[in-house]
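Trainee: have a look at this prediction, sequence included:
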Protein chains: 2
Amino acid sequence: MTLVDRTSRGATGGPASQQDMRRQNLAVVLGAVRAHSPLSRADVAGRVGLTRAAVSSLVDELIGRGALTEAAATASGRVGRPGRALAVSDRGPAGLGLEIGVTHLGACVVDLRGEPRVWRRVERANAGRPAGQVLAEAAALAAEAQAEAATLGLRVEGRVLAVPGVVPNQPGGLVGRAPNLGWRTVRIADHWPDPDTVPEPENEANLGALAEYWSAEQAVETFVHVSAETGIGAALVIDGRLFRGARGFAGELGHIPVHPDGPDCACGARGCLEQYAGEAAVLREAGLAQHDPARVGDAVALLAERAGAGHAPTLRALERAGRALGLALTSAVELIDPDGLVLGGAYAELADWLLPSVRAELAARVTVRSWPPEALCPSALGRRGPLLGAALTTVRRIMADPTLLPAG
Amino acid sequence: MTLVDRTSRGATGGPASQQDMRRQNLAVVLGAVRAHSPLSRADVAGRVGLTRAAVSSLVDELIGRGALTEAAATASGRVGRPGRALAVSDRGPAGLGLEIGVTHLGACVVDLRGEPRVWRRVERANAGRPAGQVLAEAAALAAEAQAEAATLGLRVEGRVLAVPGVVPNQPGGLVGRAPNLGWRTVRIADHWPDPDTVPEPENEANLGALAEYWSAEQAVETFVHVSAETGIGAALVIDGRLFRGARGFAGELGHIPVHPDGPDCACGARGCLEQYAGEAAVLREAGLAQHDPARVGDAVALLAERAGAGHAPTLRALERAGRALGLALTSAVELIDPDGLVLGGAYAELADWLLPSVRAELAARVTVRSWPPEALCPSALGRRGPLLGAALTTVRRIMADPTLLPAG
DNA sequence: GGGTATTTGTCAGGGCTCTCAACAAATTAG
DNA sequence: CTAATTTGTTGAGAGCCCTGACAAATACCC
């Protein structure tokens, strides 16, 4: 019940109040303007099915809260009094996103329209450093980003931190385990300099998937977003909401059995996807095994470089990984029947060499329904996804409940 | 947007009205009484967070619509005026369920409490018969059941028909394909004698899963319900709602690749689960291949009989099927992280021999999280699930929106 | 250029539904 | 039998949306 739709259960649970009604209608109006701006009050009314009077009241409130702005009158060319164009504000509430990666820190500020307005990224070797140090630097970067946003007229209304680790379902701002950073149950608030700006942590892969969903041209409501950072994980977006599973372990693609009698996996099972498409396995197969495990980003770049140069063992390794990935994704498609599959994280950068074999495997195995090859695509956002998703989380929340904003 | 929560999208779509608020609060009150009856108005108010005045008004309406009844005063023993006990009515609105199986027809009527009050099942060899004939007989059975329900004071408010076939996502009362019946795109309304009592078709496996969910003591909100009738299918219940997938093909467990290089499957792929745990495969492996494919029910009974008698090839075949099933379910658990796995349909009847190997496979392969063996269990309802689920669909709808009932 | 038609945004009145506060009814405790 | 307690109902009030009316602002037409 903390972040990104952990409030999904609410609907059937409690009673509805007039405030809930108002909240929803504010969100509906705001959403309509976001999706189809510029729109006049009358346009909104006609589109969402409220009266002009009601929309007027709702728009007034949204303007008061800084979510909407009134632009100049539009020269529509049509007969009748011209409507005053409404647009989602680009100068008021904003979301701050932070990211702690193995080799970098990131911060960004996104306005209510979803546009990134401030973007900072600094290289830092964070693996193994004390969490307090890393978080202090992240806080400094956050402060800089927020200050820069302020010069643009943006007011940060929420802060979310993308981390490459497990974030338990419970609230409390805990990061359970982040092996690549060497973290183990870190409570963000305990190390954050300013108690007023403590961000909420969230898993970076989940945020990457949500960013993809949130910034897509036409929203695909149900898709699987695969990313390989530490292990191989998949974020499941189902009907537009992140699905975490009953205990928060959904999307463990890496331990799907691909070849039941295959090599032993660290998890105790055999033939897991990770043994074929995990970073270590691909490096080994490509003959590049002796690699410093802390410098993850480099390994991917190295693979891409070798593959681009036509290095045969690397190409073979990636082709093999792609086939295994295709097998695991076949299971996902058969089970979930998603609208799309997105390759994110490291896979996005290796997509040129992975896609053919993944697609071939899917084409050969998914036969019950039609499975268009375009339904599998590399992430449009690439590495920027998690940070963008972190910032968009706040925006998304506000769009879903504009009363979170202080009344004007 | 027709049956069983095809209306899930609604929340974010349209604006909320006062009627929606009333609807939800009626549902909340009705749900509270259902879950904890007997409850007084004051109890309900305290439990759901509405005032006694509001609850009083809501209860009056629910009584007027026949959903609630007022029992005699309870001798509570506590000080103060005793509350009047409320209970979900057992004499008013009811749901009619129908089922067309390969070897039988079924009808039942369930009251608002969810209790089956009328239950009819007749043996009929339906495979290959004209759909019109079968549906005419089903209609007759439905009429009988409804008449019997009327003598109990029950008024049928909705009709749902469980069919062993594909039911497309669109409305219109179509059955796409039902191979075991030999049906191909049948429009129920075209063959139903009385246009006033045409039932809505729904896939029997989905209904079985919903019945399991709906009649469980403590509701498990996210689970996978496996059933093997024609092929091997899984119904996914996610956060209490049936998940159909983007195109309605979710849960195709039967074509998950279990052994990627295994035998060819009719679907065009290789090593699908169906080649190991499908009925035909198990019969073949058990040395019972020469079996009339139309008489499906008998095959399962035959297997159970042989296994019970200790027939070694049958036991081996079931053990092998269980291992393959465990492999496929490992993928499901890794991806979806459900709270439970339910073996329904034919698997429920063979659970004694399947469970050990399925559990062993899951225990060996699902290691990232804890996976309690009890989370895998045979269906509590067995063969009765689909019919019960068909009838409960109407009840469930009414519970979610009591204004569907005519006002008193 | 002026009148008319058309569309927009707002306002007042009314209905619905909840909350709050008060009260009669029904019971237990003493 | 009285006091205390709890229940269910009632009336006043607030919030929100809808209806209908109206001023404002534009295009069209003569």
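Mentor: Nice, I can see it.
Trainee: please make it C-alpha for all contacts and neighbour counts, starting now.
Mentor: Will do.
Trainee: measure how buried the residue in the stretch 201-350 of chain A that DNA strand C sits nearest to is and give me the count.
Mentor: Nearest residue of the stretch 201-350 of chain A to DNA strand C: A:Gln218, at 25.8 Å (CA to the nearest atom of the strand). A count of neighbours around A:Gln218, defined by other CA atoms under 10 Å in any protein chain shown, yields 8.
Trainee: what does the stretch 151-300 of chain A put close to chain B?
Mentor: Counting by CA under 8 Å from any CA of the partner chain, the stretch 151-300 of chain A comes close to chain B at A:222, A:234, A:239, A:244-253, A:255-260, A:267-270.
Trainee: A:Leu303 in helix, strand or coil?
Mentor: Secondary structure assignment for A:Leu303 (DSSP: H, G, I helix; E, B strand; the rest coil): helix.
Trainee: tell me the contacts of it?
Mentor: Counting by CA atoms under 8 Å, 6 or more residues apart in numbering or on different chains, A:Leu303 touches A:Leu283, A:Thr314, A:Leu350.
Trainee: check A:Glu70 too.
Mentor: A:Ile63, A:Arg84, A:Ala85, A:Leu86, A:Ala87.
Trainee: which of the residues you listed lies closest to DNA strand D?
Mentor: Closest to DNA strand D, out of all of the contacts of A:Glu70 and judged by CA to the nearest atom of the strand, is A:Arg84, at 9.4 Å.
Trainee: ok, back up a step: tell me which of the contacts of A:Glu70 fall in helices.
Mentor: In this view, those that belong to helices under DSSP state H are A:Ile63.
Trainee: reformat the contacts of A:Glu70 as JSON lines; add neighbour count and distance to DNA strand D.
Mentor: Below are the contacts of A:Glu70 laid out as JSON lines (neighbours: other CA atoms under 10 Å in any protein chain shown; distance: CA to the nearest atom of the strand, whole Å):
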{"residue": "A:Ile63", "neighbour count": "19", "distance to DNA strand D": "14"}
{"residue": "A:Arg84", "neighbour count": "17", "distance to DNA strand D": "9"}
{"residue": "A:Ala85", "neighbour count": "18", "distance to DNA strand D": "12"}
{"residue": "A:Leu86", "neighbour count": "25", "distance to DNA strand D": "15"}
{"residue": "A:Ala87", "neighbour count": "23", "distance to DNA strand D": "18"}
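Trainee: among the contacts of A:Glu70, which ones lie close to DNA strand C?
Mentor: Checking the contacts of A:Glu70 against DNA strand C by CA under 7 Å from any atom of the strand, the ones in range are A:Arg84, A:Ala85.
Trainee: same list (the contacts of A:Glu70) but as TSV, adding pLDDT.
Mentor: Compiled in TSV, those are given as follows (pLDDT from 0 to 100):
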residue	pLDDT
A:Ile63	96
A:Arg84	91
A:Ala85	93
A:Leu86	96
A:Ala87	95
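Trainee: so which of the contacts of A:Glu70 is the closest to B:Arg41?
Mentor: Among the contacts of A:Glu70, A:Ile63 lies closest to B:Arg41 (CA to CA), at 41.5 Å.
Trainee: one step back: helix, strand, or coil at the residue of the stretch 201-350 of chain A closest to DNA strand C?
Mentor: A:Gln218 ends up coil, using three-state DSSP.
Trainee: what's the pLDDT at it?
Mentor: What the model reports for A:Gln218 is a pLDDT of 80.
Trainee: next: the one 10 residues further on.
Mentor: Model confidence at A:Ala228, expressed as pLDDT, equals 85.
Trainee: now it: how far from chain B?
Mentor: In this view, A:Ala228 and chain B are 15 Å apart by CA to the nearest CA, to the nearest Å.
Trainee: what of A:Leu30?
Mentor: 11 Å.
Trainee: next up, the contacts around that residue.
Mentor: The contact partners of A:Leu30, by CA under 8 Å, 6+ apart, come to A:Leu62, A:Ala67, A:Leu68, A:Val88, A:Met399.
Trainee: can the helix or strand harbouring it be found next to DNA strand D?
Mentor: Assigned by DSSP states H and E, A:Leu30 belongs to helix A:18-36. Yes - against DNA strand D, helix A:18-36 shows contacts by CA under 7 Å from any atom of the strand at A:Gln18, A:Gln19, A:Met21, A:Arg22, A:Asn25, A:Leu26.
Trainee: which residues are in contact with the residue of the stretch 201-350 of chain A closest to DNA strand C?
Mentor: Going by CA under 8 Å, 6+ apart, A:Gln218 touches no other residue.
Trainee: among the residues of the stretch 151-300 of chain A next to chain B, the buried ones, what's the PyMOL command?
Mentor: A single PyMOL command is used to select the members of those judged buried by 16 or more other CA atoms under 10 Å in any protein chain shown:
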select buried, chain A and resi 222+234+239+244+245+246+248+249+250+251+252+253+255+256+257+258+259+260+267+269+270
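Trainee: now do the strands in the stretch 51-200 of chain A.
Mentor: Listed in chain order, the strands of the stretch 51-200 of chain A (DSSP state E, counting those that start in this stretch) span A:68-73, A:84-88, A:93-100, A:104-111, A:116-123, A:155-163, A:174-178, A:183-187, A:200-203.
Trainee: so which of those strands is the most packed in?
Mentor: Highest mean neighbour count of the strands of the stretch 51-200 of chain A: strand A:93-100, a mean of 29 (counted as mean count of other CA atoms under 10 Å in any protein chain shown).
Trainee: helices or strands up against that one?
Mentor: Counting contacts by 3 or more CA pairs under 8 Å, 6 or more residues apart in numbering or on different chains; DSSP states H and E, strand A:93-100 is packed against strand A:104-111, helix A:131-151, strand A:155-163, helix A:385-400.
Trainee: for A:Leu39, find the nearest of these.
Mentor: That would be helix A:385-400 among these, by CA to CA, at 16.7 Å.
Trainee: need the contact list for the closest residue to DNA strand C within the stretch 151-300 of chain A.
Mentor: Nearest to DNA strand C in the stretch 151-300 of chain A, going by CA to the nearest atom of the strand, is A:Gly153, at a distance of 24.4 Å. Residues in contact with A:Gly153, defined by CA under 8 Å, 6+ apart, are A:Arg91, A:Gly92.
Trainee: inside strands: which ones of the residues of the stretch 151-300 of chain A next to chain B?
Mentor: Assignment to strands by DSSP state E places the following of these there: A:Ala234.
Trainee: report the buried members of the residues of helix A:18-36 next to DNA strand D.
Mentor: Here, 16+ other CA under 10 Å leaves A:Met21, A:Arg22, A:Asn25, A:Leu26 buried among the residues of helix A:18-36 next to DNA strand D.
Trainee: format those as TSV; extra columns: pLDDT.
Mentor: Output for these, formatted as TSV (pLDDT from 0 to 100):
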residue	pLDDT
A:Met21	95
A:Arg22	96
A:Asn25	96
A:Leu26	97
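Trainee: and chain B, which of the residues you listed reach it?
Mentor: Answer for those near chain B (CA under 8 Å from any CA): A:Met21, A:Arg22, A:Asn25.
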